[in-house]
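[1] Here is a sequence together with a model predicted from it:
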Amino acid sequence: MFRDRRVIALVPARGGSKGVPRKNLVPVGASSLLQRAIASARDSGAVDLVVVSTNDAEIAAAADRAGALVQKRSDHASTDESTAGDVMNEFVDWCREQNIVDESYVVYLQPTSPLRTAEHIAEAFRLLEQTVADTCVSVVRNEHTPFKALRISESGSMIPLFDETSVTANRQTLPETYRPNGAIYIFPLSHFVRDRQIPIAGAIPFIMSSESSVDIDTPFDIVLAEMYLKETE
């Protein structure tokens, strides 16, 4: 329970993947990405129920063995173009079928963040507890400042994304920036029902290291994650 509300961990784990085939079942260290996500939720002490959203029978069976409930996801919400919003829309419908009220909290845990731990989740909830905010998003510091970013116009010329003085400014004089690392999103289910998107603006940032923020998208990412994992063992 968090603020007297039930906490549900949602692990989105579809069967298809182009960069790494059957990605969610691929092991990093001794456990698959799916198993790591479920264990991080279960062992955090902050989660009352773990649900895996999937369209894949093998993933569903693995989730069941790991002690998670399974929410069958449609093929429509399981394509390369499907968004987290598509996943959440079907999850909302499932919650109502299970008599899970909108006031419940959701912690959205993508399996592709294998170095997110149970302690990270617990720390994020402790951080949120100390504030009056309703939402928390894990972030990592940008290694390259976006203030120096350029885009290329249709005519082929470069245009500063912000302003020209930022492009040539010393990096130390520019504001430090962060980006969501995809590891942890905490929010009331009612906020998604209201806005039909996972809330980001106004969220409390939970800052994670670049090592803990490895996101699995290619085979090299798996090698990198295993390297960092060995350093922490």
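    Structure received.

[2] Determine the longest strand present in this protein.
    In the chain, with assignment by DSSP state E, the single longest strand is strand 178-188.

[3] Which strands border that one, and is each parallel or antiparallel?
    When sheet partners are counted by DSSP bridges, strand 178-188 sits next to strand 105-108 (antiparallel), strand 136-141 (antiparallel).

[4] Relative to Asn55, which of the ones you listed is closest?
    Of all those, strand 105-108 sits nearest to Asn55, with 17.4 Å by Cβ to Cβ. For the C-beta atoms, the positions are set from N, CA and C on the backbone; glycine is no exception.

[5] Relative to the whole chain's centre, how far out is that closest one?
    How far strand 105-108 lies from its chain's middle: 10 Å, per Cα atoms, centre = their mean, to the nearest Å.

[6] Mean confidence (pLDDT) on it, please.
    What strand 105-108 shows for mean pLDDT is 98.

[7] Heading C-terminal from it, find the next helix or strand.
    Toward the C-terminus, strand 105-108 is succeeded by helix 118-129 as the next helix or strand (DSSP states H and E).

[8] most remote residue from this structure's center?
    Residue distances from the centre of the chain (Cα atoms, centre = their mean) peak at Ser155, which lies 37.2 Å from the mean C-alpha position.

[9] where along this protein do the strands fall?
    7-12, 27-28, 31-32, 49-54, 69-72, 105-108, 136-141, 150-152, 158-160, 178-188, 204-207.

[10] May I see these organised as JSON lines, with mean neighbour count and distance to Tyr228 added?
    Listed next are the strands of the chain as JSON lines, based on neighbours: other Cβ atoms under 10 Å; distance: least, Cβ to Cβ, whole Å:
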{"stretch": "strand 7-12", "mean neighbour count": "24", "distance to Tyr228": "21"}
{"stretch": "strand 27-28", "mean neighbour count": "18", "distance to Tyr228": "10"}
{"stretch": "strand 31-32", "mean neighbour count": "18", "distance to Tyr228": "15"}
{"stretch": "strand 49-54", "mean neighbour count": "24", "distance to Tyr228": "24"}
{"stretch": "strand 69-72", "mean neighbour count": "17", "distance to Tyr228": "30"}
{"stretch": "strand 105-108", "mean neighbour count": "24", "distance to Tyr228": "23"}
{"stretch": "strand 136-141", "mean neighbour count": "22", "distance to Tyr228": "13"}
{"stretch": "strand 150-152", "mean neighbour count": "10", "distance to Tyr228": "31"}
{"stretch": "strand 158-160", "mean neighbour count": "11", "distance to Tyr228": "34"}
{"stretch": "strand 178-188", "mean neighbour count": "21", "distance to Tyr228": "13"}
{"stretch": "strand 204-207", "mean neighbour count": "16", "distance to Tyr228": "17"}
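
[11] Between those, which one is closest to Arg171.
    strand 136-141 (12.4 Å).

[12] how far off helix 118-129 does that closest one point, in degrees?
    Strand 136-141 runs at 110 degrees relative to helix 118-129, counting by axes from the mean of the first three to the mean of the last three Cα atoms, to 10 degrees.

[13] Using CSV, write out every CA atom in strand 136-141.
    Output in CSV follows, covering the C-alpha atoms of strand 136-141 (Å, rounded to 0.1, in the frame of the first residue of the first chain):
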residue,chain,number,x,y,z
CYS,A,136,7.6,10.0,-10.0
VAL,A,137,9.7,9.3,-13.1
SER,A,138,13.2,7.8,-13.1
VAL,A,139,15.7,9.8,-15.1
VAL,A,140,19.3,9.9,-16.0
ARG,A,141,21.5,12.9,-16.7
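
[14] starting at the chain centroid, how far to it?
    Centroid displacement of strand 136-141 relative to its chain, using Cα atoms, centre = their mean, is 10 Å.
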